[in-house]
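Visitor: predicted model and sequence follow; I will ask about them next.
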Amino acid sequence: MKVVAFNGSPRIDGNTDILLGEALGAIHESENTVLSFRLNDMNLKPCQNCGACEETGVCIIEDDMKDIYAAIREGDRIIVASPIFFFSLSAQTKIMIDRCQAFWCEKYILKKAIPEGRNGRKGLLILVGGMKKDTGIQCGDATAKAFFRSISVPTHETVSFLGVDKKGAVIDHPTALLEVYRAGQRLATP
């Protein structure tokens, strides 16, 4: 299976990196092909709401999204990992998701959904944030659900951790590493 992972954190070796690494560790054990994107290091422009993709299903902005579009089309499993900032996904994650408006147009206006493939398509959302209220998790999950459905991922699991803010603090969480590892195992199952 082909697994595509999007890391939406700007912080290297932070909580999102650690959690995503655990999930990918489980996925690598199953000998899957993994393609990872660190969104903060990419040249990604925000959606301009120009409407061009409504006619073709193709975004006219030329940047690193071309690599993301190709990976999403080929992926059997899609992972989105993001910190929660101000009750939402990181800006890096949101830019990538917004640019997938082209997939939304392709699926819902042009009626050309991404094929399911022989392994089906599933998703995993990994969220971590410093707040103790789950508002950010709910909002982030709602945005991710719209993204996953637009790219023809009919189901996804959300694994989230609250009250974790300091860089690397998720390592001290009593269950986080095991929970996200097991989520990775479930994702790798056909």
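Guide: Yep, it's here.
Visitor: partners of the longest strand seen in the chain in the sheet?
Guide: In the chain, with assignment by DSSP state E, the single longest strand is strand 77-85. Sheet pairing of strand 77-85 (DSSP bridges) gives strand 2-7 (parallel), strand 88-89 (antiparallel), strand 122-128 (parallel).
Visitor: spatially speaking, which residue is in the middle of the chain?
Guide: In the chain, the residue lying closest to the centroid (CA atoms, centre = their mean) is residue 80, at 1.8 Å.
Visitor: hang on, it packs against residue 8?
Guide: Yes - counting by CB atoms under 8 Å, residue 80 sits close enough to residue 8 to count as a contact (6.8 Å). Heads up, the C-betas are built off the backbone N, CA and C, glycines and all.
Visitor: so what sits against both of these two?
Guide: Common contact partners of residue 80 and residue 8 (CB atoms under 8 Å, 6 or more residues apart in numbering): 89, 93.
Visitor: look up how far residue 109 lies from the residue of the chain positioned farthest from its centre.
Guide: Ranked by distance from the centre of the chain (CA atoms, centre = their mean), the top residue is residue 55, with 25.9 Å. Using CB to CB, to the nearest Å, residue 55 is found at 9 Å from residue 109.
Visitor: tell me the contacts of the residue nearest to the centre of the chain?
Guide: The contact partners of residue 80, taken as CB under 8 Å, 6+ apart, are 6, 8, 89, 93, 97, 123, 124, 125, 126, 144, 147.
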